[in-house]
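Engineer: okay, structure incoming, though there's no sequence with it:
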């Protein structure tokens, strides 16, 4: 498990984690595709899943929030930073939950880079003890 | 009760080929890089065929074929094109049971659905657009006594279409029928979870269309979807899927300055006003079924009524009845006509649904029914089955705000009309909504106040070809079904004609 660096100004606790399987997969994808990024999807079909793209492939803008930055490099190696983004309006409904990027066997993907490997990134959520969900 | 035999077994109506190539230029074409991927049936979790794993090179070959075919196809008379669409519809109807078996095996849906909904609707969509294109007229306007503006509809040329996996054949037809009717050539990429049934269909209808008018390239989004959506050689891209990919497709379309139509799902509210329970009659029974329809197609419907809003005075009684009603849903072998709830389309979909059930519990929602994966045993043991699940909670919970795309409904109550509409519209999405009331004035007002492209009033999950379908808010751009869909596949040519000998006099 690793945790993402805090990216939202003023926050003091990380909002994102990542399983060991995800780290291995991302290192492998990085070797093939170069630097990577995530954008959390919503909506139907493969929605509500994190989409992994080559860094810069997906244009983020003022409507998006950077939730955190992962470094998936092994200890002692140069940084391999991966931004994790979500649309601001979606974040308004998700902000009370801590998100863990996991990976499962699967097929579906949109344009996410891991699909041809027969696996799929998946978000697991837990409540954040600092957030008040329904106040 | 009928139990259809699994594809490839002795009594089955159909067998999948061991391997499928791309359909390009009216023939089967090997993928240029020679790669294939396994296609798994959600019914038992086992692979049953291999499908070509397309890449940019295959998309290019398909675009070559489409560009070769498009000029002549675009000039055929609407009479000829309509005749072609009618022939396709006839073939679908004549092979309904065989196609239904293929669709169920590829997607996991209970076979009563393709038999009675997906495939009859697919045939009807071709017939509807055959009729719509013949009935379509250009228009003209007289600018003044000497000048007339004539408006003609022309095909766009070559278009790209990316299809979802929840209704593999019907969703392809929603996009294909208007595109072909309007005279376009198409490069279509099915979903990688359900690539096979559409190929079974093309085996039947391939020779009805001129070569190159319809080309099918399978593969993964990153490898085949992206080169199609970002190609400068398409004049339009249509996509059904999720919001991040939808934005990416808009981004690619903007680079090429082409239109994109997007259908990106929803979190549709299903509102039950208190007069629904005034009588225990056929209408009440219909409303109860309207609630249970969240489990239709295992909840894998963009408009799934996944938020039920019940007015306070009838909340306990109506919900109690609805839980009992839903508990009767028969889950089992998708090839059995008595089965009402089948398998989720893929393992990752199953995992995602379970992750939402988990967050629902953590957020404090009350589980009223289901909530577990199901092992049906025997041959079906490896399949992707989830119980129909009912949660009671609060509209701010993630369970109420995200499209789970599974048989999971989140239920809450509302006080008065304004409270109900406000909860219903408190969502990022606006694709579908349901309104149930015996009072026509309430039903009408709510229908108009709900921010959704399709509001079912006193019914749900009907998809007739003549009714426009599409989203408000983050649910997308554009409309499918109805004659409006033709607009998304046509250019408008204005011929501005002067019938005067007199010069302007400027020079």
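Structural biologist: Looks like it came in fine. Note that this is a predicted model, so its numbers are computed, not measured. Numbering: from 1, shown residues only, chains lettered A, B, ... in the order given.

Engineer: what's next to stretch B:288-297, contact-wise?
Structural biologist: Under the contact criterion CB atoms under 8 Å, 6 or more residues apart in numbering or on different chains, stretch B:288-297 has outside partners B:109, B:113, B:166-167, B:270, B:272, B:304-306, B:308, B:318, B:321-322, B:325-326, B:329, B:340-341, B:388, B:407-409, B:434, B:436, B:459-461. No exception for glycine: its C-beta is placed from N, CA and C like everyone else's.

Engineer: return only those of these found close to chain A.
Structural biologist: Contacts with chain A are made by residue B:166 out of those, judged by CB under 8 Å from any CB of the partner chain.

Engineer: from the contacts of stretch B:288-297, which land in strands?
Structural biologist: The strands, defined by DSSP state E, take in B:270, B:272, B:308, B:408, B:409, B:434, B:436 from the contacts of stretch B:288-297.

Engineer: excluding chain neighbours, what is closest to the fifth one?
Structural biologist: So the one you mean is residue B:409. Spatial nearest neighbour of residue B:409, chain neighbours left out: residue B:294 (4.0 Å); criterion: CB to CB, 6 or more residues apart in numbering or on different chains.

Engineer: is it correct that residue B:304 is in contact with residue B:268?
Structural biologist: Yes. If you go by CB atoms under 8 Å, residue B:304 and residue B:268 touch, sitting 6.4 Å apart.

Engineer: tell me, what's touching those two both at once?
Structural biologist: residue B:432.

Engineer: any weak-confidence spans in the chain?
Structural biologist: With no chain named, the answer covers chain A. Along chain A, segments meeting pLDDT under 70 span A:109, A:131-135.

Engineer: let's see that with 80 instead.
Structural biologist: Scanning chain A for pLDDT under 80 picks out A:108-109, A:130-135.

Engineer: what does the stretch 201-350 of chain B give?
Structural biologist: Nowhere does the stretch 201-350 of chain B drop to pLDDT under 80.

Engineer: around chain A, which positions in it sit nearby?
Structural biologist: Residues of the stretch 201-350 of chain B lying near chain A (CB under 8 Å from any CB): B:220-223, B:225-226, B:240-248, B:251, B:263-266, B:302, B:345-349.

Engineer: which ones among those are found in helices?
Structural biologist: Those of those mapping onto helices are B:226, B:243, B:244, B:245, B:246, B:247, B:248, B:251, B:347, B:348, B:349, per DSSP state H.

Engineer: just flag the most distant two among the residues you listed.
Structural biologist: B:251 and B:347 (29.5 Å; CB to CB).

Engineer: more crowded one of these two?
Structural biologist: Counted by other CB atoms under 10 Å in any protein chain shown, residue B:251 and residue B:347 do not tie: residue B:347 has more neighbours, with 23 against 15.

Engineer: I'd like to know how far that one sits from residue A:43.
Structural biologist: 20 Å (CB to CB, to the nearest Å).

Engineer: what of residue A:96?
Structural biologist: As for residue A:96, its distance to residue A:43 is 20 Å (criterion: CB to CB).

Engineer: what do you get for residue B:209?
Structural biologist: Per CB to CB, residue B:209 is found 32 Å from residue A:43.

Engineer: who's more crowded, those two?
Structural biologist: Between residue B:209 and residue A:43, residue A:43 has the larger neighbour count (other CB under 10 Å), namely 33 against 22.

Engineer: phi, psi for the nearest residue to the more buried one once chain neighbours are set aside please.
Structural biologist: Residue nearest to residue A:43 in three dimensions, not counting chain neighbours: residue B:265, with 3.7 Å by CB to CB, 6+ apart. Main-chain dihedrals, residue B:265, degrees, to the nearest 10: phi 90, psi -170.

Engineer: residue B:265 and residue A:41 touch, don't they?
Structural biologist: No. Here residue B:265 does not reach residue A:41: they are 9.9 Å apart, not a contact under CB under 8 Å.

Engineer: circling back: among the contacts of stretch B:288-297, which lie within helices?
Structural biologist: Those of the contacts of stretch B:288-297 mapping onto helices are B:113, B:318, B:321, B:322, B:325, B:326, per DSSP H.

Engineer: quick one: buried ones out of those?
Structural biologist: The neighbour-count test (16 or more other CB atoms under 10 Å in any protein chain shown) applied to the ones in helices among the contacts of stretch B:288-297 identifies B:113, B:318, B:321, B:322, B:326 as buried.

Engineer: what's the farthest-apart pair in the residues you listed?
Structural biologist: Longest distance between any two of these is 26.0 Å, between B:113 and B:318; criterion CB to CB.

Engineer: and residue B:71, that one's in a strand?
Structural biologist: No. If the criterion is DSSP: H, G, I helix; E, B strand; the rest coil, then residue B:71 is helix and not within a strand.
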